[in-house]
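Asker: sequence and computational prediction follow.
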Amino acid sequence: MSNRKNENGSYDRFSESLKKGDIGRFYIFHGDERYLLEHSINELRRFICPEGLGSFNYRRYEGKDLQLDDLDNAINTLPAFADRTLIEIHDYDIFKGKANAPAGGDGGDDKQRLAEIFSDLPEYVCLVLIYSVIPFKPDMRVKLNKEIQAFAQVVDFAVQEQSRLINWISRRFAASGKRISKSDAEYLAYITDGYMSALVSEIEKVSAYSDSETISRMDIDTVVTPVLNAFAYTLTDALLDNKYAKALDTLSDLFEMREPAQKVLFSISLKMRQFLAARICIESNIDKKSFMEMCSLRYDFQATALLTTARKTNLSNCRDAVLLCAKAAYDLNSSSDPDARLVELITQLSGIQEKTQNAK
């Protein structure tokens, strides 16, 4: 997951303009947060084509099949009984190579024609390039890419920052007549990777399951299936709390989910590196906010848990845990039984924590 926060303000600016009915001529939509992207394009459709998508004033093209003559004709066709025409182009790879060049051509003429089309859109047109399958990665060294971004409003639908996401979760539960605490909302966001598109269905499931007006952590754990990173955190939390049996049970769950050993080990290694960073911050009197920025932690409870556990051990043990993970990663490259190597790693990590407890 990318986990880029929506800090550039492009979505906020677009959302405010949409509320005012101030719709531009040319947009580029991209980003990880599919819920916001789909919501925004649906709002555009309702605003420009209130009579429905079957109207004469709506055109949709798949990028791989797009012919510039068709696009040119759609742009130059006046809207019927309406003010605007909405044209969507999905996953059009204009930034890689030859812009759908015809067989035997070099694409140069197409690129020039694209620049001309995008630079002179009529006022009645709203053209939206939507990137869902292929990434939006313009190379600003290429002239066409500079020209396109000069004409277009680029809207980045990034994963929302924590406070906004938690408020949104609370509002979604409230719409179902439920309440949820801030810490439990953070927990729900964390175990679903913070994607609103995934959270919508999970909030519906939890609301339907719970008999209480207040959602509990138990309600969440009962019906929500965590993402891999959350499972890995549960595993390592168990290790750091000296709950060896729980750690092995969680690892067994990951095996049943058929998660590749390399992915599981990556998540465990990441947690152990964060654990080492927490101990270093404690010994260097670095505050929690700086620690969260250092380790790219989105949720306060993650940082609190790491720092609390790191206070119970020493720097040497934290370093040993990271080195054990690195050795396991090396071994996995040639291991005939990677699952067994992960079980061995869990045993070794558990031994480190037992050593810490016995030393007290």
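Answerer: Received it, and whenever you're ready, just let me know what you need.
Asker: where does Asp211 fall, secondary structure wise?
Answerer: In the assignment (DSSP states H and E), Asp211 maps to no helix and no strand.
Asker: actually Arg59, sorry about that
Answerer: Per DSSP H and E: strand 58-62 holds Arg59.
Asker: following element in sequence after that strand, please.
Answerer: Following strand 58-62 in sequence, per DSSP H and E, is helix 68-75.
Asker: could you check the angle that following helix makes with strand 58-62?
Answerer: 160 degrees (axes from the mean of the first three to the mean of the last three Cα atoms, to 10 degrees).
Asker: what comes up buried for helix 68-75?
Answerer: 71, 74-75 (16 or more other Cβ atoms under 10 Å). (Glycine included, C-beta is placed from N, CA and C.)
Asker: swap in stretch 11-22?
Answerer: Quick answer for stretch 11-22 (16+ other Cβ under 10 Å): 11, 14.
Asker: and it, average pLDDT?
Answerer: In this model, stretch 11-22 carries a mean pLDDT of 92.
Asker: what's in contact with that stretch?
Answerer: Stretch 11-22 has contacts (Cβ atoms under 8 Å, 6 or more residues apart in numbering) with 6, 23-24, 27, 31, 36, 40, 43-44, 47, 153, 155-158.
Asker: now that stretch, how far from the chain's geometric center?
Answerer: Centroid separation for stretch 11-22 versus its chain: 23 Å, with Cα atoms, centre = their mean, to the nearest Å.
Asker: could you export that stretch as CSV, CA atoms only?
Answerer: Taking C-alpha atoms only, stretch 11-22 is exported to CSV below (Å, rounded to 0.1, in the frame of the first residue of the first chain):
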residue,chain,number,x,y,z
TYR,A,11,-8.7,16.9,-3.6
ASP,A,12,-9.9,19.6,-1.2
ARG,A,13,-9.7,22.3,-3.9
PHE,A,14,-11.6,20.1,-6.3
SER,A,15,-14.3,19.2,-3.7
GLU,A,16,-14.9,22.8,-2.8
SER,A,17,-15.2,23.8,-6.5
LEU,A,18,-17.6,20.9,-7.1
LYS,A,19,-19.8,22.1,-4.2
LYS,A,20,-20.0,25.5,-5.7
GLY,A,21,-20.8,24.1,-9.2
ASP,A,22,-17.5,25.5,-10.5
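Asker: other residues contacting the strand holding Arg59?
Answerer: 45, 48-49, 53, 70-71, 74, 85-92.
Asker: show me where the chain has its strands.
Answerer: 26-30, 58-62, 85-90, 125-130, 153-156 (DSSP state E).
Asker: low pLDDT regions in the chain?
Answerer: 1-8, 53-54, 95-109, 353-360 (pLDDT under 70).
Asker: give me the domain ranges for it.
Answerer: Here the domain parsing of the chain from automatic domain parsing is 10-156, 162-223, 228-358.
Asker: can you get me the start-to-end distance on the shortest one?
Answerer: The separation between the terminal residues of domain 162-223, taken as Cα to Cα, to the nearest Å, is 23 Å.
Asker: show me how far it is from its chain's centre.
Answerer: 17 Å.
Asker: cool, and the longest one?
Answerer: In terms of Cα atoms, centre = their mean, the centre of domain 10-156 is found 23 Å from the chain centre.
Asker: among the contacts of stretch 11-22, which two are most distant?
Answerer: Taking Cβ to Cβ, the two most distant members of these are Phe47 and Ala158; they sit 23.1 Å apart.
Asker: how far away from the center of its chain is stretch 263-274?
Answerer: With Cα atoms, centre = their mean, you get 19 Å for stretch 263-274.
Asker: for stretch 264-280, same thing?
Answerer: That offset, for stretch 264-280, works out to 21 Å (Cα atoms, centre = their mean).
Asker: with just CA atoms, put that stretch into CSV.
Answerer: Taking C-alpha atoms only, stretch 264-280 is exported to CSV below (Å, rounded to 0.1, in the frame of the first residue of the first chain):
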residue,chain,number,x,y,z
VAL,A,264,5.1,-12.2,6.3
LEU,A,265,8.8,-11.9,7.1
PHE,A,266,8.9,-8.4,5.6
SER,A,267,6.1,-7.3,7.9
ILE,A,268,7.7,-8.9,11.0
SER,A,269,11.1,-7.3,10.1
LEU,A,270,9.5,-3.9,9.7
LYS,A,271,7.9,-4.1,13.1
MET,A,272,11.2,-5.1,14.7
ARG,A,273,13.0,-2.2,13.0
GLN,A,274,10.3,0.1,14.4
PHE,A,275,10.9,-1.6,17.8
LEU,A,276,14.6,-0.8,17.6
ALA,A,277,13.8,2.8,16.6
ALA,A,278,11.5,3.1,19.6
ARG,A,279,14.2,2.0,21.9
ILE,A,280,16.7,4.5,20.3
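Asker: ranges for the helices of the stretch 101-250 of the chain?
Answerer: Assigned by DSSP state H, counting those that start in this stretch, the stretch 101-250 of the chain shows helices spanning 108-119, 143-151, 162-175, 182-191, 196-209, 217-223, 228-240, 244-256.
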